[in-house]
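*Asks:* predicted model and sequence follow; I will ask about them next.
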Amino acid sequence: MRGLDAESAAERLRQLRSLRSMPLKDLDPQFVDVRVLPQTELAVEYLTLSGKIPDGVRLLIERIGYTSAIEPVAVPYSYLELEAAAQELSEWLGDRGSVYGDVRGGVIVANAPDPESLLARPMESRGIPVQWGIGEPFTETLGGGKAWNDCTAGFVVVKTSNLERGISSNAHCTLNSTYNGQTVIYSGLGEDRGQYDAKMYVEYPSGSASWNNGIACCGGISAQITFRVSRTNMNIGDDVCKMGKATDVTCGDILSKSACFSGACTWILVDRTGINMSSVGDSGGPFWFGGAAFGWNTAQGGPGDNQALFMAQNYSGDLGFIVAVS
Amino acid sequence: MNRRVAALAASTLVAAFGACSQDVAGDGAPTTSPKVQPREFIVIDHGLEDAYWDSALIKGRLELENGCLTIIRPGVTLVAVWTSEYSWDPATSTVSWEGSDETPGWLAGQVRVGDRVRFGGGIQPDNWETQNTDVRNRPLLSSENIEQINSCLENTGADSWSFLTPPEGT
């Protein structure tokens, strides 16, 4: 968080790790999730079907040394229920859109290029409300995360001006003419190198590539990006993972949201003891977690040269493109 | 076709932890480069631990052009800018650097003019004179550094420049 010193951040991480290491699902059958709130002092929501934290769980949480605020929040559905409902809706929707479950909101969120055109569009799935939104057009075969010349490709991105799709990497990487067999050219969108370090490339000639909102990672499994986390909503202690051609997939914790680099103190610093979060060649690769896009890996350094800095994904909007989420 | 049921917020992610590459910086091949001192062996007054560094791979041939060290590869020429760990030996036309006990991947090494080399770094933007700062947001480049870089960009016709960091940060 902005204003959180290193010592406080470290203590916050220690407490979070203690909490996350507890077998809360086993201790409380009503437990759904813990969620960190975006504020300077550590505060966590305990998502539960019952709306209560059982006394036994609260006692155990205190015993592990967790002292920060933790508030129970009642949610209407478990993960299993949301997953089953989302899966059912996804099967109905097929290639026409994307679906995910919002556990805190208690809804299924579905996106399609033109939801109104979908006949018999369901407004609930397995009894759970469906919230429809307009997603970007999509086709697929090419995703992000693969080798990009001297760097790594980031997310598939979309021009905000005309929804044209393409691929992204850092501005400090050399210009590239092909990506995964596809001829590409620089779109003219990107650069800066103050608080920004990203460029968008598009296929050339246009019309042949199919860009996927996935990331090639994780032993051949593609991680699908379905939503974006802005810098404001990132939290100290959030888990994030990155894909890079040098160090492959590694995961760490957000240690700061205001690290200084290239004349700006808006960079997100990621660290995990003993884990190399970025090495030579990893620049430009995506930082994400679950289906959420976080940003573009840019730099390395810190103790053991193991830390990474990334640019928050929402900053690319100022450059004229955004991460594709469908 | 992928099922587009998104991972929920508490998705489990399978993480394959990274393998360390063992590339070396130079091929060590003897060269016949002239034993001359570059007019501009550009070193900043900061060490590797003072800042974060671009994570692109800079590879090419180390050359001495019009008094400036450059990295040349087809289509791109970059002026080399070094951190304080690096030193130049005019007797052997060699750039050397120390390893770090605290950072196992920072192995000591050296490269000679004419070698094919690999370093970490990144192409600098047009507005580079104000866009390089350390972890406390203080300038990394002195006014002398800026003059040296501008001189080398002019004298070599290089496209840009790059800080060069150890070839593997593992």
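*Replies:* Good, I have the coordinates. Numbering: from 1, shown residues only, chains lettered A, B, ... in the order given.
*Asks:* which intervals of the chain have sub-threshold pLDDT?
*Replies:* Using chain A here. Applying pLDDT under 70 to the predicted model, the residue ranges of chain A that meet it are A:1-10, A:12-13, A:17, A:20, A:36-43, A:95, A:135-141, A:218-221.
*Asks:* wrong one, chain B
*Replies:* By pLDDT under 70, the low-scoring segments of chain B are B:1-38, B:168-170.
*Asks:* where do the helices sit along it?
*Replies:* B:143-156 (DSSP state H).
*Asks:* before we move on, what about chain A?
*Replies:* If DSSP H is used as the criterion, the helices of chain A fall at A:6-20, A:24-27, A:55-63, A:79-93.
*Asks:* which one of the ones you listed lies closest to chain B?
*Replies:* With Cβ to the nearest Cβ as the criterion, chain B lies closest to helix A:79-93 of the helices of chain A, at 4.5 Å. Bear in mind the C-beta positions are built from the backbone N, C-alpha and C, glycine included.
*Asks:* show me what the closest one is packed up against.
*Replies:* With contacts defined as 3 or more Cβ pairs under 8 Å, 6 or more residues apart in numbering or on different chains; DSSP states H and E, the secondary structure elements packing on helix A:79-93 are strand A:98-102, strand A:107-112, strand A:124-125, strand A:128-134.
*Asks:* of these, which is nearest residue B:111?
*Replies:* Proximity to residue B:111 (Cβ to Cβ) singles out strand A:98-102 among the helices and strands packed on helix A:79-93, at 48.9 Å.
*Asks:* in TSV, list the helices of chain A along with mean neighbour count.
*Replies:* What follows is these, written out as TSV (neighbours: other Cβ atoms under 10 Å in any protein chain shown):
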stretch	mean neighbour count
helix A:6-20	16
helix A:24-27	13
helix A:55-63	13
helix A:79-93	19
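*Asks:* now render those helices as TSV, adding distance to residue B:57.
*Replies:* Shown next, in TSV, are the helices of chain A (distance: least, Cβ to Cβ, whole Å):
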stretch	distance to residue B:57
helix A:6-20	30
helix A:24-27	43
helix A:55-63	45
helix A:79-93	39
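*Asks:* from residue B:54, how far out is residue B:78?
*Replies:* Taking Cβ to Cβ, to the nearest Å as the measure, residue B:78 falls 12 Å from residue B:54.
*Asks:* quick one: which of those two has more around it?
*Replies:* Between residue B:78 and residue B:54, residue B:54 has the larger neighbour count (other Cβ atoms under 10 Å in any protein chain shown), namely 30 against 27.
*Asks:* can you pull the contacts of that one?
*Replies:* By Cβ atoms under 8 Å, 6 or more residues apart in numbering or on different chains, the contact set of residue B:54 is A:170, A:172, A:283, A:298-299, B:120-122, B:162-163.
*Asks:* got a markdown table for those residues, with distance to residue B:140 and neighbour count too?
*Replies:* A markdown table is the format used below for these (distance: Cβ to Cβ, whole Å; neighbours: other Cβ atoms under 10 Å in any protein chain shown):
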| residue | distance to residue B:140 | neighbour count |
| --- | --- | --- |
| A:170 | 18 | 32 |
| A:172 | 15 | 27 |
| A:283 | 18 | 35 |
| A:298 | 16 | 34 |
| A:299 | 13 | 30 |
| B:120 | 15 | 30 |
| B:121 | 13 | 25 |
| B:122 | 13 | 30 |
| B:162 | 13 | 24 |
| B:163 | 8 | 24 |
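*Asks:* now, the residues you listed that are in strands?
*Replies:* Applying DSSP state E to the contacts of residue B:54, the entries found in strands are A:298-299, B:120-121, B:162-163.
*Asks:* closest to residue A:243 out of the residues you listed?
*Replies:* After measuring the ones in strands among the contacts of residue B:54 against residue A:243 - Cβ to Cβ - the closest member comes out as residue A:298, at 14.0 Å.
*Asks:* I'm done for today, thanks for sticking with me.
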